[in-house]
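K.L.:
3D, please:
(one chain, ligands or ions: 1)
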Amino acid sequence: MAFAIAEYNGVTEVPHIREKLTEAAMYLQTLKSLIRASCLDFVMHGGMPVPNPVTTNIAKYHFADKYHSLVKLIQDISGGSLITKPTYLDWQNPETHGFMDKYFSGKAGTSAEARLRMFDLIRRQLASEYEVMVLHGEGSLMAQRMMILAEAREELKRCKKIADDMAGIK
Ligand SMILES: Cc1cc2nc3c(=O)[nH]c(=O)nc-3n(C[C@H](O)[C@H](O)[C@H](O)COP(=O)(O)OP(=O)(O)OC[C@H]3O[C@@H](n4cnc5c(N)ncnc54)[C@H](O)[C@@H]3O)c2cc1C
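P.N.:
Numbers count the residues shown, from 1 in each chain. Coordinates of the predicted model:
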């Protein structure tokens, strides 16, 4: 879902989205590797081979402990349309269908229907209105980070001057 919505939004090559897709891939691959390792490193119980209980519990711990980070990441990549997009009734309505078809198509070559379907799936499985409102209302997290750096430049220059003075740099 992370990669799908990044593709439909046309942002797979944005640096911070690449970082998030890397996180998602690591989450999945770690889980798959632990499951596989638990089977390869089986233990015998009553003459029966069973997956290694330490490794299976590490797998479950990893899955549960990192799950909310994964959900946040997918909500972040998706954008506010997860909860603000019009409804299926609007899609069926001839008066609004054309506007949705035009304005919800993402990357060139991506249909609005595919993007809307992916928003629906993610919303059903991974998103509450409050979570997405907190993340995207008034701009995405990355928008805040860009503004913080832009607005903090003077302060950072003052800090550099202090560090230069301390290091004896003229
Ligand atoms: C509950 C709610 C209420 C809102 N109310 C208002 C309102 O009153 N008025 C109003 O004007 N808006 C409102 N919004 C819209 C809100 O401002 C946007 O949702 C928000 O700016 C994020 O934009 P987006 O949804 O288009 O997501 P996107 O901009 O598509 O963001 C999705 C992801 O892609 C990344 N991304 C997208 N483009 C780039 C890029 N070029 N470079 C780097 N990263 C990129 C983002 O960082 C993010 O991780 C509301 C949204 C919500 C959820």
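K.L.:
What is the helix or strand containing Thr22 packed up against?
P.N.:
Here Thr22 sits within helix 15-40, counting by DSSP states H and E. Applying 3 or more CB pairs under 8 Å, 6 or more residues apart in numbering; DSSP states H and E, one finds that helix 15-40 contacts helix 2-9, helix 53-78. Backbone N, C-alpha and C define where each C-beta goes, glycine included.
K.L.:
gap between stretch 130-140 and the chain center?
P.N.:
13 Å (CA atoms, centre = their mean, to the nearest Å).
K.L.:
and it, average pLDDT?
P.N.:
The average pLDDT within stretch 130-140 is 94.
K.L.:
Now that stretch: buried residues?
P.N.:
131-132, 135-136, 140 (16 or more other CB atoms under 10 Å).
K.L.:
Could I get those in TSV, plus columns for secondary structure and distance to the ligand?
P.N.:
What follows is the buried residues of stretch 130-140, written out as TSV (DSSP: H, G, I helix; E, B strand; the rest coil; distance: CB to the nearest ligand atom, whole Å):
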residue	secondary structure	distance to the ligand
Glu131	helix	10
Val132	helix	5
Leu135	helix	8
His136	helix	4
Ser140	coil	4
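K.L.:
Can you add distance to Arg117 and give these back as CSV?
P.N.:
Formatted as CSV, the buried residues of stretch 130-140 follow (distance: CB to CB, whole Å):
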residue, distance to Arg117
Glu131, 20
Val132, 17
Leu135, 21
His136, 20
Ser140, 22
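K.L.:
Out of the residues you listed, which comes closest to Gly109?
P.N.:
Closest approach to Gly109 among the buried residues of stretch 130-140 (CB to CB): Ser140, at 23.9 Å.
K.L.:
Run a quick neighbour tally on the nearest residue to that closest one once chain neighbours are set aside.
P.N.:
In space, Ser140 comes closest to Asp76 once its chain neighbours are excluded; the distance is 6.5 Å by CB to CB, 6 or more residues apart in numbering. Per other CB atoms under 10 Å, the neighbour tally for Asp76 reads 18.
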